[in-house]
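K.L.:
Build me a structure from this.
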Amino acid sequence: KRAQPREAAAQLSPVSTLSLPPPRQATERLFVGKLPDCCSEASLRAHFESFGALTDVYVPKEFETGRPQGFGFVTYAGEG
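P.N.:
Prediction:
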């Protein structure tokens, strides 16, 4: 490729003709580590709801034992 002057590059297709996806709702997903075995999704939700509205709480469990893996995620609803 060769370099083009800015004037020539500006004459290419305008940005307004691009099809952009619709805007997504803004969310904040936080990783929470070092959770004790006794921590459940309900207790995690109860603690983090005091800081704002939550849309999701997830604590993965080990497949064979069903025990929590020691970490989780909380997702806050965004302003948008």
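
K.L.:
Quick one: the strands in this protein, in order.
P.N.:
Counting by DSSP state E, the segments of the chain that form strands are 27-32, 54-58, 72-77.

K.L.:
Nearest to Glu41 among these would be which one?
P.N.:
strand 54-58 (4.8 Å; C-beta to C-beta). To be clear about C-beta, it is placed using only N, CA and C from the backbone, and glycine gets the same treatment.

K.L.:
What residues sit buried inside the closest one?
P.N.:
Using 16 or more other C-beta atoms under 10 Å as the test for burial, strand 54-58 gives Val57.

K.L.:
Turn the strands of the chain into TSV, including mean pLDDT and distance to Arg45.
P.N.:
Listed next are these as TSV, based on pLDDT from 0 to 100; distance: least, C-beta to C-beta, whole Å:
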stretch	mean pLDDT	distance to Arg45
strand 27-32	89	11
strand 54-58	94	5
strand 72-77	94	8
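
K.L.:
my guess is Ala56 meets Tyr76, correct?
P.N.:
You called it Ala, but residue 56 is Asp. No: using C-beta atoms under 8 Å, Asp56 makes no contact with Tyr76, being 9.1 Å away.

K.L.:
Now for the two: what residues contact both?
P.N.:
Arg29 (C-beta atoms under 8 Å, 6 or more residues apart in numbering).

K.L.:
Could you export the strands of the chain as JSON lines, including distance to Ala42?
P.N.:
Output for those, formatted as JSON lines (distance: least, C-beta to C-beta, whole Å):
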{"stretch": "strand 27-32", "distance to Ala42": "14"}
{"stretch": "strand 54-58", "distance to Ala42": "8"}
{"stretch": "strand 72-77", "distance to Ala42": "12"}
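
K.L.:
Most tightly packed of those?
P.N.:
Of the strands of the chain, the one with the most neighbours on average (mean count of other C-beta atoms under 10 Å) is strand 72-77, at a mean of 18.

K.L.:
now for that one, which elements pack on it?
P.N.:
The elements that strand 72-77 packs onto, with contact taken as 3 or more C-beta pairs under 8 Å, 6 or more residues apart in numbering; DSSP states H and E, are strand 27-32, helix 41-48, strand 54-58.
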